[in-house]
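A.B. asks: Give me a 3D structure for the following:
(one chain, ligands or ions: 1)
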Amino acid sequence: MPRSHDGFAMMTRNRVFLLLAAALVMQSGGALAYKYHPYRWQSFPVTWYLDKSGYPGSGMSLEQLQTALTQAFDLWENAKYQGHCSAVRFAFGGTVDANGNIPDEKNVISFVSMASYPGTPDSLGDTVVITDSQNYVVEADIVFPISETRRLSVNPGAEEYDLVGIAAHQIGHFIGIDHSQVPQATMFGVFPSAGDTSWGTPESDDLQAVTDLYPGSCPEGGDSVVADAPSDRQASPDAGPGGAASRWSCRAGRSGDVLGAWVAVVFLCVWFLGRRRHA
Ligand SMILES: [Zn+2]
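C.D. replies: Below you'll find the model as predicted:
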(Lines give C-alpha, C1' and ligand atoms only; values in the text may rest on other atoms or scores of the structure.)
Protein backbone atom coordinates (compact mmCIF):
# COMPACT_ATOMS: atom_id res chain seq x y z
CA MET A 1 0.00 0.00 0.00
CA PRO A 2 2.38 2.69 -1.22
CA ARG A 3 -0.13 5.49 -0.89
CA SER A 4 -0.78 4.89 2.77
CA HIS A 5 2.94 4.35 3.28
CA ASP A 6 3.61 7.73 1.64
CA GLY A 7 0.89 9.23 3.79
CA PHE A 8 2.48 7.79 6.89
CA ALA A 9 5.89 9.06 5.81
CA MET A 10 4.42 12.50 5.23
CA MET A 11 2.75 12.44 8.64
CA THR A 12 6.02 11.36 10.22
CA ARG A 13 7.85 14.19 8.48
CA ASN A 14 5.21 16.64 9.70
CA ARG A 15 5.56 15.26 13.19
CA VAL A 16 9.31 15.64 13.10
CA PHE A 17 8.91 19.19 11.85
CA LEU A 18 6.42 19.98 14.60
CA LEU A 19 8.68 18.35 17.18
CA LEU A 20 11.59 20.51 16.04
CA ALA A 21 9.45 23.64 15.95
CA ALA A 22 8.10 22.90 19.43
CA ALA A 23 11.63 22.26 20.70
CA LEU A 24 12.77 25.58 19.25
CA VAL A 25 9.87 27.43 20.86
CA MET A 26 10.48 25.76 24.21
CA GLN A 27 14.17 26.49 24.00
CA SER A 28 13.73 30.14 23.12
CA GLY A 29 10.99 30.60 25.71
CA GLY A 30 8.36 31.53 23.17
CA ALA A 31 7.60 35.06 22.01
CA LEU A 32 9.63 38.16 22.69
CA ALA A 33 8.21 39.07 26.05
CA TYR A 34 10.23 40.83 28.66
CA LYS A 35 9.22 40.69 32.32
CA TYR A 36 9.38 43.43 34.88
CA HIS A 37 9.60 43.85 38.63
CA PRO A 38 6.79 45.70 40.44
CA TYR A 39 8.95 48.66 41.47
CA ARG A 40 9.79 51.86 39.59
CA TRP A 41 11.95 54.90 40.00
CA GLN A 42 9.75 57.94 40.48
CA SER A 43 12.05 60.56 39.00
CA PHE A 44 15.29 61.00 37.11
CA PRO A 45 18.18 61.40 37.13
CA VAL A 46 18.98 58.66 39.60
CA THR A 47 22.29 59.33 41.30
CA TRP A 48 24.66 56.42 41.78
CA TYR A 49 27.87 56.13 43.76
CA LEU A 50 30.94 53.96 43.61
CA ASP A 51 32.40 52.37 46.71
CA LYS A 52 35.77 54.01 47.35
CA SER A 53 37.57 50.66 47.67
CA GLY A 54 36.91 50.11 43.95
CA TYR A 55 37.80 46.72 42.50
CA PRO A 56 40.84 45.51 44.47
CA GLY A 57 43.35 43.50 42.49
CA SER A 58 41.88 44.39 39.12
CA GLY A 59 44.39 47.09 38.29
CA MET A 60 41.49 49.37 37.42
CA SER A 61 41.43 52.88 38.88
CA LEU A 62 38.23 54.39 40.27
CA GLU A 63 38.06 56.56 37.15
CA GLN A 64 38.30 53.52 34.89
CA LEU A 65 35.58 51.75 36.88
CA GLN A 66 33.38 54.84 36.70
CA THR A 67 33.87 54.95 32.92
CA ALA A 68 32.97 51.27 32.48
CA LEU A 69 29.89 51.51 34.72
CA THR A 70 28.77 54.72 33.01
CA GLN A 71 28.98 52.83 29.72
CA ALA A 72 26.57 50.24 31.17
CA PHE A 73 24.16 52.91 32.47
CA ASP A 74 24.29 54.60 29.06
CA LEU A 75 23.01 51.45 27.34
CA TRP A 76 19.68 51.92 29.13
CA GLU A 77 19.71 55.69 29.01
CA ASN A 78 20.24 55.72 25.23
CA ALA A 79 17.80 52.89 24.52
CA LYS A 80 15.62 53.34 21.48
CA TYR A 81 13.03 50.89 20.21
CA GLN A 82 10.87 51.44 17.15
CA GLY A 83 11.09 55.22 17.48
CA HIS A 84 10.50 55.17 21.24
CA CYS A 85 13.13 56.40 23.69
CA SER A 86 13.59 55.83 27.40
CA ALA A 87 13.25 58.46 30.14
CA VAL A 88 15.84 56.87 32.43
CA ARG A 89 18.76 59.15 33.28
CA PHE A 90 21.64 58.56 35.64
CA ALA A 91 24.18 60.80 37.32
CA PHE A 92 27.42 59.82 39.02
CA GLY A 93 27.53 61.18 42.57
CA GLY A 94 31.12 60.30 43.44
CA THR A 95 32.75 57.75 45.70
CA VAL A 96 31.46 56.76 49.14
CA ASP A 97 32.55 54.40 51.90
CA ALA A 98 29.95 51.64 51.47
CA ASN A 99 31.14 48.13 50.60
CA GLY A 100 28.16 45.77 50.19
CA ASN A 101 24.40 46.16 50.52
CA ILE A 102 24.32 48.91 53.11
CA PRO A 103 21.02 50.76 53.67
CA ASP A 104 22.23 54.35 53.54
CA GLU A 105 19.77 55.87 51.03
CA LYS A 106 22.56 55.94 48.47
CA ASN A 107 22.63 53.78 45.35
CA VAL A 108 26.07 52.27 45.58
CA ILE A 109 27.97 49.92 43.31
CA SER A 110 30.66 47.92 45.09
CA PHE A 111 32.99 44.98 44.57
CA VAL A 112 32.92 42.62 47.53
CA SER A 113 35.24 39.73 48.30
CA MET A 114 33.31 36.53 47.63
CA ALA A 115 34.79 35.02 50.80
CA SER A 116 32.86 37.53 52.91
CA TYR A 117 29.81 37.87 50.70
CA PRO A 118 26.51 36.47 52.02
CA GLY A 119 24.95 35.97 48.57
CA THR A 120 24.86 32.80 46.54
CA PRO A 121 28.33 31.32 45.93
CA ASP A 122 27.99 31.23 42.13
CA SER A 123 26.59 34.75 41.82
CA LEU A 124 28.22 37.24 39.49
CA GLY A 125 26.10 40.17 40.59
CA ASP A 126 23.42 41.04 43.11
CA THR A 127 21.01 43.92 43.01
CA VAL A 128 19.15 44.73 46.22
CA VAL A 129 16.24 47.13 45.95
CA ILE A 130 14.38 48.84 48.80
CA THR A 131 10.96 50.24 47.94
CA ASP A 132 8.33 52.35 49.67
CA SER A 133 4.68 51.39 50.18
CA GLN A 134 3.87 52.54 46.64
CA ASN A 135 6.65 50.44 45.14
CA TYR A 136 8.82 53.38 44.28
CA VAL A 137 12.48 52.65 44.76
CA VAL A 138 14.05 54.25 47.81
CA GLU A 139 17.48 52.75 47.32
CA ALA A 140 19.17 50.18 45.13
CA ASP A 141 22.65 48.74 45.58
CA ILE A 142 24.59 46.59 43.13
CA VAL A 143 27.24 44.21 44.43
CA PHE A 144 29.75 42.29 42.35
CA PRO A 145 31.17 39.36 44.34
CA ILE A 146 34.80 38.92 43.32
CA SER A 147 37.50 36.30 43.82
CA GLU A 148 40.77 35.22 42.26
CA THR A 149 38.98 32.80 39.97
CA ARG A 150 35.91 34.94 39.25
CA ARG A 151 37.23 38.05 37.57
CA LEU A 152 35.45 40.86 35.76
CA SER A 153 37.14 42.92 33.06
CA VAL A 154 36.32 45.62 30.52
CA ASN A 155 38.37 43.62 28.02
CA PRO A 156 37.68 40.06 29.15
CA GLY A 157 40.02 37.22 28.32
CA ALA A 158 38.81 33.63 28.04
CA GLU A 159 38.63 33.23 31.83
CA GLU A 160 37.12 36.62 32.63
CA TYR A 161 33.59 38.00 32.61
CA ASP A 162 32.49 41.13 30.82
CA LEU A 163 32.15 43.90 33.40
CA VAL A 164 30.09 46.21 31.18
CA GLY A 165 27.67 43.47 30.10
CA ILE A 166 27.13 42.15 33.63
CA ALA A 167 26.75 45.70 34.98
CA ALA A 168 24.19 46.39 32.24
CA HIS A 169 22.21 43.32 33.36
CA GLN A 170 22.26 44.39 37.01
CA ILE A 171 21.26 47.94 36.09
CA GLY A 172 18.29 46.36 34.28
CA HIS A 173 17.18 44.91 37.65
CA PHE A 174 18.06 48.26 39.25
CA ILE A 175 15.43 50.01 37.08
CA GLY A 176 12.83 47.24 37.41
CA ILE A 177 13.34 44.81 34.53
CA ASP A 178 13.18 41.12 35.37
CA HIS A 179 14.79 38.19 33.56
CA SER A 180 13.92 37.77 29.91
CA GLN A 181 13.33 34.41 28.30
CA VAL A 182 15.18 35.52 25.18
CA PRO A 183 18.65 33.88 25.37
CA GLN A 184 20.37 36.73 23.51
CA ALA A 185 18.87 39.46 25.73
CA THR A 186 20.97 41.37 28.23
CA MET A 187 18.26 40.49 30.76
CA PHE A 188 18.41 36.72 30.10
CA GLY A 189 18.60 35.02 33.49
CA VAL A 190 21.75 32.97 32.90
CA PHE A 191 25.02 34.73 32.31
CA PRO A 192 26.98 34.16 29.12
CA SER A 193 30.25 32.29 29.34
CA ALA A 194 33.52 33.88 30.34
CA GLY A 195 34.92 36.00 27.54
CA ASP A 196 31.48 36.57 26.00
CA THR A 197 30.70 40.29 25.63
CA SER A 198 27.29 39.90 24.00
CA TRP A 199 25.45 41.30 27.03
CA GLY A 200 27.00 44.69 26.44
CA THR A 201 24.65 45.00 23.46
CA PRO A 202 20.96 45.15 24.43
CA GLU A 203 18.55 43.19 22.23
CA SER A 204 15.14 44.44 21.10
CA ASP A 205 13.58 42.69 24.10
CA ASP A 206 15.67 44.84 26.47
CA LEU A 207 15.08 48.03 24.51
CA GLN A 208 11.34 47.45 24.40
CA ALA A 209 11.30 46.85 28.16
CA VAL A 210 12.98 50.11 29.14
CA THR A 211 11.11 52.25 26.61
CA ASP A 212 7.77 50.74 27.70
CA LEU A 213 8.38 51.07 31.43
CA TYR A 214 9.91 54.54 31.20
CA PRO A 215 8.71 56.19 28.00
CA GLY A 216 10.57 59.43 27.31
CA SER A 217 11.38 61.95 24.65
CA CYS A 218 14.04 61.23 22.09
CA PRO A 219 17.18 63.41 22.25
CA GLU A 220 16.93 64.38 18.58
CA GLY A 221 13.91 66.49 19.46
CA GLY A 222 10.27 66.30 18.56
CA ASP A 223 7.35 65.46 20.77
CA SER A 224 7.64 63.14 23.70
CA VAL A 225 6.83 59.67 22.45
CA VAL A 226 4.79 57.39 24.65
CA ALA A 227 5.27 53.77 23.79
CA ASP A 228 2.25 51.52 23.45
CA ALA A 229 2.04 48.97 26.21
CA PRO A 230 2.33 45.58 24.53
CA SER A 231 -0.11 42.91 25.61
CA ASP A 232 2.50 40.20 25.98
CA ARG A 233 4.60 41.68 28.76
CA GLN A 234 4.27 40.12 32.17
CA ALA A 235 4.70 41.14 35.77
CA SER A 236 6.98 38.77 37.61
CA PRO A 237 5.25 36.20 39.79
CA ASP A 238 8.06 36.47 42.34
CA ALA A 239 7.49 40.17 42.82
CA GLY A 240 8.23 41.28 46.36
CA PRO A 241 5.82 43.41 48.38
CA GLY A 242 6.22 47.15 48.66
CA GLY A 243 8.33 48.35 51.55
CA ALA A 244 10.50 45.27 51.57
CA ALA A 245 14.03 44.85 50.36
CA SER A 246 14.10 42.65 47.30
CA ARG A 247 17.18 40.83 46.09
CA TRP A 248 17.99 39.67 42.59
CA SER A 249 21.00 37.49 42.24
CA CYS A 250 22.48 36.30 38.97
CA ARG A 251 24.52 33.26 38.20
CA ALA A 252 27.13 32.08 35.76
CA GLY A 253 26.62 28.98 33.66
CA ARG A 254 24.19 27.45 31.23
CA SER A 255 21.76 25.55 33.47
CA GLY A 256 18.78 27.39 31.98
CA ASP A 257 19.38 25.88 28.57
CA VAL A 258 19.60 22.37 30.00
CA LEU A 259 16.32 22.86 31.87
CA GLY A 260 14.65 24.19 28.70
CA ALA A 261 15.80 21.13 26.76
CA TRP A 262 14.36 18.73 29.36
CA VAL A 263 11.04 20.57 29.45
CA ALA A 264 10.94 20.31 25.65
CA VAL A 265 11.65 16.55 25.75
CA VAL A 266 8.84 15.90 28.27
CA PHE A 267 6.43 18.09 26.30
CA LEU A 268 7.23 16.27 23.05
CA CYS A 269 6.84 12.81 24.60
CA VAL A 270 3.38 13.72 25.94
CA TRP A 271 2.38 15.21 22.59
CA PHE A 272 3.65 12.23 20.60
CA LEU A 273 1.90 9.68 22.83
CA GLY A 274 -1.30 11.70 22.58
CA ARG A 275 -1.10 11.63 18.78
CA ARG A 276 -0.51 7.84 18.76
CA ARG A 277 -3.50 7.22 20.99
CA HIS A 278 -5.76 9.11 18.58
CA ALA A 279 -4.28 7.49 15.45
ZN1 LIG B 1 19.59 38.90 36.76
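
A.B. asks: Quick one: the helices in the stretch 51-200 of the chain, in order.
C.D. replies: 62-77, 163-174 (DSSP state H, counting those that start in this stretch).

A.B. asks: Let's have the ones you listed in CSV, adding distance to V46.
C.D. replies: Every residue, glycine included, has its C-beta placed from N, CA and C. Converted to CSV, the helices of the stretch 51-200 of the chain look like this (distance: least, C-beta to C-beta, whole Å):
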stretch, distance to V46
helix 62-77, 9
helix 163-174, 8
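
A.B. asks: So which of these is the most surrounded?
C.D. replies: A comparison of the helices of the stretch 51-200 of the chain by mean neighbour count, using mean count of other C-beta atoms under 10 Å, puts helix 163-174 on top with a mean of 26.

A.B. asks: Need the residues that contact that one.
C.D. replies: Contacts with helix 163-174, where a contact means C-beta atoms under 8 Å, 6 or more residues apart in numbering, come from 37, 68-69, 71-73, 75-76, 107, 109, 124-127, 129, 140, 142, 144, 152-154, 156, 186-187, 191-192, 196-200, 202, 206, 209-210, 248, 250.

A.B. asks: Tell me which of the helices of the stretch 51-200 of the chain lies nearest to Q42.
C.D. replies: Closest to Q42 of these, according to C-beta to C-beta: helix 163-174, at 14.1 Å.

A.B. asks: re the thing from before, okay, the helices of the stretch 51-200 of the chain in JSON lines with mean pLDDT and distance to F90 next?
C.D. replies: JSON lines is the format used below for the helices of the stretch 51-200 of the chain (pLDDT from 0 to 100; distance: least, C-beta to C-beta, whole Å):
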{"stretch": "helix 62-77", "mean pLDDT": "97", "distance to F90": "4"}
{"stretch": "helix 163-174", "mean pLDDT": "96", "distance to F90": "8"}
